[in-house]
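Trainee: Next input, structure requested:
(one chain, ligands or ions: 2)
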Amino acid sequence: MAGYFFSFEGPDGAGKTTIIQLVEKFLTEQGFEVISTREPGGIEIAEKIRAVILNPEHKSMDARTEALLYAAARRQHLVERVVPALNEGKIVLCDRFIDSSLAYQGFARGLGIDEVLAINEFAINGCMPSLTVYFDLDPKIGLERINKNKLREINRLDMESFSFHYKVREGYLQLVKRFKDRIIQVDANRTIDEVFEETAKIIMQRIQS
Ligand SMILES: Nc1ncnc2c1ncn2[C@@H]1O[C@H](COP(=O)(O)OP(=O)(O)OP(=O)(O)O)[C@@H](O)[C@H]1O
Ligand SMILES: Cc1cn([C@H]2C[C@H](O)[C@@H](COP(=O)(O)O)O2)c(=O)[nH]c1=O
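Mentor: Ligands and ions are numbered 1, 2, ... in the order given. Next comes the predicted model:
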């Protein structure tokens with residue numbers, strides 16, 4: 001595969017979507033062919049799975065069911081959207097990937113990071129991002145940012161307790177230590193311009209190395 005696969009991670013409201021849009025514009029201006037996409041979703045089947053997972057009415061969803069649905073959406077999105085773009089030499093910017101499952105389902109839901117990694121290894125069959133940017137932010141600030149944006153849907157995961165969201169962050173911080181070569185931590189508690197500049201620098205370094 002000739003392209004570059006970059007994923008972006010962080011607690012809800014950390015600024016992933018905002019920064020991905022800016023990075024996409026920046027890379028396109030530099031002459032690269034870029035697609036940005038998201039998980040769960042990005043293609044029709046995965047968007048349908050997303051609607052099932054995140055429906056606020058689905059309060060009884062079992063944690064393993066949730067983990068399997070995320071992995072299923074990931075698989076379909078990977079084969080339909082990510083791999084073809086990489087084969088065409090494009091840069092793929094993906095809003096969330098496997099680390100979301102490890103932090104949310106593996107750590108915060110308590111299923112176990114290694115257990116959730118195992119089902120995801122089956123799903124992705126070796127296709128990992130070459131670099132993951134983790135936006136670190138106090139979840140309270142992220143949720144405040146989301147609540148200020150009246151247009152954004154409030155989904156089933158947003159409605160989890162503060163302690164759940166704090167565990168998500170703790171899970172991510174464990175992943176940063178465990179996957180040092182792949183995950184780079186960025187302080188997201190700064191202005192959009194500052195976060196963008198650092199992220200663009202990290203990505204350009206990886207492309208040019
Ligand atoms: N550095 C920042 N400082 C202040 N506000 C920000 C910053 N980055 C993003 N925002 C605002 O916070 C809100 C959430 O941002 P965004 O949707 O990019 O986050 P996200 O990480 O993609 O969220 P989610 O995980 O819920 O999809 C938006 O209203 C956005 O304009
Ligand atoms: C991929 C993935 C996502 N999640 C959670 C994280 C968020 O709370 C929602 C997705 O909403 P967003 O607005 O697109 O960020 O789903 C998860 O728990 N596990 C995953 O694998």
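
Trainee: OK, contacts around the residue minimising distance to the centre of the chain?
Mentor: With distances taken as Cα atoms, centre = their mean, the residue of the chain nearest its centroid is Arg96 (1.1 Å). Counting by Cβ atoms under 8 Å, 6 or more residues apart in numbering, Arg96 touches Ser7, Phe8, Glu9, Lys16, Arg38, Glu39, Pro40. To be clear about C-beta, it is placed using only N, CA and C from the backbone, and glycine gets the same treatment.

Trainee: please redo it, this time with the cut-off set to 10 Å
Mentor: With contact set as Cβ atoms under 10 Å, 6 or more residues apart in numbering, Arg96 has these partners: 7-10, 16-17, 37-42, 70, 74, 103-104, 132.

Trainee: One more: Ser163?
Mentor: Residues counted as contacts of Ser163 (Cβ under 10 Å, 6+ apart) are Ala108, Pro139.

Trainee: Check for me that it belongs to a helix.
Mentor: Yes - judged by DSSP: H, G, I helix; E, B strand; the rest coil, Ser163 forms part of a helix.

Trainee: and stretch 74-88, which residues are buried?
Mentor: Within stretch 74-88, the residues that count as buried by 16 or more other Cβ atoms under 10 Å are Arg74, Arg75, Gln76, His77, Leu78, Arg81, Val82, Val83, Ala85, Leu86.

Trainee: what's the pLDDT at the third one?
Mentor: To tie it back to what came earlier, the one meant is Gln76. As summarised for this prediction, Gln76 has a pLDDT of 98.

Trainee: and the helix or strand it falls within, anywhere near ligand 1?
Mentor: Assigned by DSSP states H and E, Gln76 falls within helix 63-77. No - Helix 63-77 lies out of reach of ligand 1 by Cβ under 6 Å from any ligand atom, never closer than 13.9 Å.

Trainee: neighbours around the residue nearest to Met159 when sequence neighbours are not counted, how many?
Mentor: Spatial nearest neighbour of Met159, excluding adjacent residues (Cβ to Cβ, 6 or more residues apart in numbering): Pro56 at 6.2 Å. Residues within reach of Pro56, counting by other Cβ atoms under 10 Å, total 12.

Trainee: Reduced to three states, what does the residue lying closest to Leu68 once chain neighbours are set aside come out as?
Mentor: Once flanking residues are discounted, Leu68 sits nearest to Ile119: 6.7 Å by Cβ to Cβ, 6+ apart. When states are read from three-state DSSP, the local structure at Ile119 comes out as helix.

Trainee: which helices and strands does the helix or strand bottoming out on mean pLDDT in the chain pack with?
Mentor: None of the helices or strands of the chain scores lower by mean pLDDT, DSSP states H and E than helix 139-148, at a mean of 93. With contacts defined as 3 or more Cβ pairs under 10 Å, 6 or more residues apart in numbering; DSSP states H and E, helix 139-148 has these neighbours: helix 162-178.

Trainee: Please, where are all the helices along this protein?
Mentor: Assigned by DSSP state H, the chain shows helices spanning 16-29, 44-54, 63-77, 83-87, 98-100, 113-124, 139-148, 162-178, 192-208.
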